[in-house]
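[1] Could you work out the structure for the sequence below:
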Amino acid sequence: MARTYKEAGVDVKKAERFVSFIRKVTDLENGFGGVVELPKGYKQPLFVSSADGVGTKLMLAFLSGNHRTVGIDMVAMNVNDILCRGARPWFFLDYIACGRLDVKIMKDVMKGIVDGCNEAGCRLIGGETAEMPDFYRPGEYDLSGFCVGVVEKANLLPRKKAIKKGDVVLGLASSGLHSNGFSFVRKVLSSRELKKRAKELLTPTQIYVRPVLSLLEKVRVKQIAHITGGGFYLKAPKGLPQGLGLNIDSKSWPVPDIFIELSRRSGASKREMFSTFNMGIGMTLIVSRRDVDKALSYLSEGSCYVIGEVVEGKGVRIA
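    Residues are numbered from 1 along each chain as shown. This is a model prediction of the structure:
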């Protein structure tokens, strides 16, 4: 029978030492809630929020012992979502839950979260670390995050009324699987293969904030979609006006080998693959045809492709 909280499995002093580490690698205050000032320079600021996690990609981290990048994934899944509304990430909070606190592992996770926030230009202002014995198996944990961004009301995306037939779809290259479809991946690849290829599979989700925010200052983008769960069919047409859909040419960009391998080994159809994975395109943008060359000139060569167009109809057709 436990006589203390520590004997019951919760080490409060260890948790406080971890929090002290967090304060060293961030500018967190020692308080009960994160505090930020309203951003300046906006006439009609709108706040855009998102909450998301990493999903079963974490199981690759458990299997391989590599916990350094999953924190980046967690940030990316959130900041890329609010970017689709044209918002600049403003602040971020994290939630880490585990059975027993392993400080070494949690330090690696936290370093990734800090790296992701720095890449997105987003302040980490607080969070929670919950130690819950018997709820998680030894060595396992879960991550989730909450992000708030800000956008001028006049610049809120999508611009539904501006989207027309003939507009062009641009695709920004992904860094790999990102953070979706790992339940599928784990059924196709053996545990031995997963462990051997962990570095490749754990490549963190691309954070698109800096290049896309820079582009928004120069080109009138009409719609942005983050290609995550549900793939192209669910995410790419979000925000389109009624009566319009998308034609996507899947031969217009190089599909990374991992997707080709998963398709071949699983026997999954093309539609299944494009419904589950990003297939090498992590974000899509719709612009007027006259703005295509200008947009491409501002985005890194080899990381952006013309992949389709807006057409009459509904949903997404992939050739």
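
[2] C-alpha from now on. contacts and neighbour counts both.
    Fine.

[3] End to end on stretch 247-256, go ahead and measure it.
    21 Å (Cα to Cα, to the nearest Å).

[4] Return the set of buried residues in that stretch.
    By 16 or more other Cα atoms under 10 Å, the buried positions in stretch 247-256 come out as 247, 248, 250, 253, 255, 256.

[5] Show me which of those is closest to residue 57.
    Within the buried residues of stretch 247-256, the smallest distance to residue 57 is 18.3 Å, found for residue 256 (Cα to Cα).

[6] So the closest one sits against residue 175, correct?
    No - counting by Cα atoms under 8 Å, residue 256 stays clear of residue 175, with 9.1 Å between them.

[7] what does stretch 186-193 rub up against?
    Identification of contacts with stretch 186-193 by Cα atoms under 8 Å, 6 or more residues apart in numbering yields 194, 262, 265, 266.

[8] cutoff 10 Å now
    Stretch 186-193 has contacts (Cα atoms under 10 Å, 6 or more residues apart in numbering) with 56-57, 59-60, 63-64, 182, 194-198, 261-263, 265-267.

[9] Which of those fall in helices?
    59-60, 63-64, 182, 194-196, 198, 261-263, 265-266 (DSSP state H).

[10] Low-confidence stretches in the protein?
    The chain contains residues with pLDDT under 70 at 1-19, 22-32, 301.

[11] Could you chop it up by domain?
    The record's domain parsing of the chain by automatic domain parsing lists 12-155, 160-318.

[12] And the shortest one, how far out from the chain middle?
    Taking Cα atoms, centre = their mean, to the nearest Å, one finds domain 12-155 lying 12 Å from the centre of the chain it belongs to.

[13] What count of nearby residues applies to the closest residue in space to residue 163 that isn't next to it in sequence?
    The shortest distance from residue 163 to any non-neighbouring residue, by Cα to Cα, 6 or more residues apart in numbering, is to residue 222 (6.3 Å). Look at residue 222: counted by other Cα atoms under 10 Å, it has 24 neighbours.

[14] show me what contacts residue 222?
    So residue 222 contacts 86, 155-164, 167, 216, 239-240, 285-288 (Cα under 10 Å, 6+ apart).

[15] Just the buried subset of the residues you listed, please.
    Buried, going by 16+ other Cα under 10 Å: 86, 155-159, 163-164, 167, 239-240, 285-288, out of these.

[16] tell me the centre residue of this structure?
    Centroid check for the chain by Cα atoms, centre = their mean gives residue 77 as the closest residue, at 1.9 Å.

[17] Quick check: bridge partners of the residue nearest to it when sequence neighbours are not counted?
    In space, residue 77 comes closest to residue 52 once its chain neighbours are excluded; the distance is 6.4 Å by Cα to Cα, 6+ apart. Beta-bridge pairing for residue 52 (DSSP bridges): residue 145.

[18] tell me the contacts of residue 52?
    Each residue near residue 52 by Cα under 10 Å, 6+ apart is listed here: 73-79, 81, 94, 143-147.

[19] from the buried ones among the contacts of residue 222, which single one is nearest residue 299?
    residue 285 (11.9 Å).
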